[in-house]
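Asker: A structural model of the following input is requested.
(one chain, ligands or ions: 1)
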Amino acid sequence: MQENKKIGSFCVHELKDKKTTKPHQLPIYATSSFEFENIDQGIDIFSGKEKGHVYGRYGNPTIEVVAEKVARLEGFGMDIEPEAILFSSGMSAISTLMMATLKSGDKILSQGNLYGGTTELFAKILQPLGIELIMTNLKQLDKVEEILSKDPMIKMLYFETPANPSLACIDLEKLSAIAKKYNCYTAIDNTFCTPYLQQPFKYGIDFIIHSTTKYLNGHGNSISGALVGKDKTLMRTKIWTAMKLIGTNCNPWDAWLINNGIKTLELRMDRHCSNAMAVARFLEKHPRVIKVNYPGLESHEDHAIALKQMSAFGGMLSFEIEGGVEAGIQFMNNIKMCVLAPTLGNVDTLILHPASMSHLNIPREVRLRNGITDGLIRLSIGIENQEDIIADLEQAL
Ligand SMILES: *Cc1c(COP(=O)(O)O)cnc(C)c1O
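Answerer: Numbers count the residues shown, from 1 in each chain. Prediction:
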């Protein structure tokens, strides 16, 4: 849909609910069900003849307006009308997509450096249901094509770009073209970028996932997720049905918080990006820093891909401190302003030492294979004044 406003104005303004059924209780539509005027209206709404809300797990005005906003952001400026569904978490968006589109015998092709929960979902929940996971380096496009051409049971190509922790990027246009050739769905976790920085539908991707817990909410005060699909019919039938029957629906309060977050998306993302760039440049020059992973740096191996498909480079970066695990722990203990917390995309700067925190229980060889070295520090750069972030990192180093 062509919008008649710029993206910042679009974020600020409310969308109005278009459906007419009255809520049983007052907004934030804290109501589990909706009233019908009479039995005829009930029949028409249940049969789909008239648009209206029925029951909170199926949909709710707060949730649906925010879902539409996320969908229109992912299709912003394009001649498409994607459909979105909000979920109780990023994980429930991913699991519902898989349950709705795959069955026993089907396979998922993905990469080793996914969000940890996603890898665990594939391995511990989907594999025992007969949905096999194949992992490869998705940056090696020839290899991807070879795997897809030999195995018609691969029905889903699932990936993240940029991906944790090296911020490795995959060429969306090329990957999507290969998947199309073999009739394979493509799904991207676009959490790190938000539609403000990267719009995967431009490159033919089928499904976009967000942990709206992160940048779209932006303030770290709720857990929620979103799935956006290009195929409106598929979203409204199979995927919506899976959401309502598995019960992975979002709740109106969390939807309202996403709505509030989106109003400042442009302002926050611009600041996250400019702060992250300044921090990356500072770290790159520091004598105790061995390597900085930020797609905005010319030294990043995927800088050219990032330039092609991202409008700016985001707020996530990681760096390697000299001196291994000990140095990492020492550095974390020295931090004064940045917050030690295992999430990302909030207004404050968050810092994580994977080797001693999120990946403590993962064998060292496995961790190293996925690029999580002993002295690696991950930063989710906030919107504070950049001098303060840099000063904190400097004194800690
Ligand atoms: C946090 C996160 C998830 C999981 O989202 P939840 O809202 O915690 O369920 C998935 N992917 C990425 C990239 C994330 O950062």
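Asker: three-state assignment of the nearest residue to Lys214 once chain neighbours are set aside?
Answerer: Leaving aside its sequence neighbours, Lys214 sits nearest to Gly345 (Cβ to Cβ, 6 or more residues apart in numbering; 3.1 Å). In short, each C-beta sits where N, CA and C put it, glycine included. Counting by DSSP: H, G, I helix; E, B strand; the rest coil, the backbone at Gly345 sits in coil.
Asker: Gly345 contacts Thr191, doesn't it?
Answerer: Yes. Contact criterion Cβ atoms under 8 Å: Gly345 and Thr191 qualify, at 7.2 Å.
Asker: the more surrounded of those two?
Answerer: The residue with more neighbours, out of Gly345 and Thr191, is Gly345; 28 against 23, by other Cβ atoms under 10 Å.
Asker: can you list residues touching both of Gly345 and Thr191?
Answerer: Taking Cβ atoms under 8 Å, 6 or more residues apart in numbering as the criterion, Gly345 and Thr191 both touch 214-215.
Asker: report the contact partners of the closest residue to Pro61 other than its chain neighbours.
Answerer: The shortest distance from Pro61 to any non-neighbouring residue, by Cβ to Cβ, 6+ apart, is to Asp17 (4.2 Å). Each residue near Asp17 by Cβ under 8 Å, 6+ apart is listed here: 61, 64-65.
Asker: near the ligand, which residues of the stretch 101-250 of the chain are found?
Answerer: 115, 117-118, 160, 189, 191, 211, 213-214, 223, 225 (Cβ under 6 Å from any ligand atom).
Asker: among those, which pair sits farthest apart?
Answerer: Farthest apart among those by Cβ to Cβ are Glu160 and Ile223. That separation is 18.7 Å.
Asker: who has more neighbours out of those two?
Answerer: Set Glu160 next to Ile223 and count neighbours by other Cβ under 10 Å: Glu160 wins out with 23 against 18.
Asker: list the contacts of that one.
Answerer: For Glu160, the contact set (Cβ under 8 Å, 6+ apart) comprises 111, 113-115, 188-189, 191-192.
Asker: which strand residues bridge it?
Answerer: Bridge pairing for Glu160 (DSSP bridges) gives the partners Asp189.
Asker: then Ser110?
Answerer: Met135.
Asker: list the contacts of the one residue in the stretch 251-397 of the chain that gets nearest to the ligand.
Answerer: Nearest residue of the stretch 251-397 of the chain to the ligand: Leu344, at 5.8 Å (Cβ to the nearest ligand atom). Neighbour list for Leu344: 192, 214, 315-316, 350, 380 [criterion: Cβ under 8 Å, 6+ apart].
Asker: perfect, that will be all.
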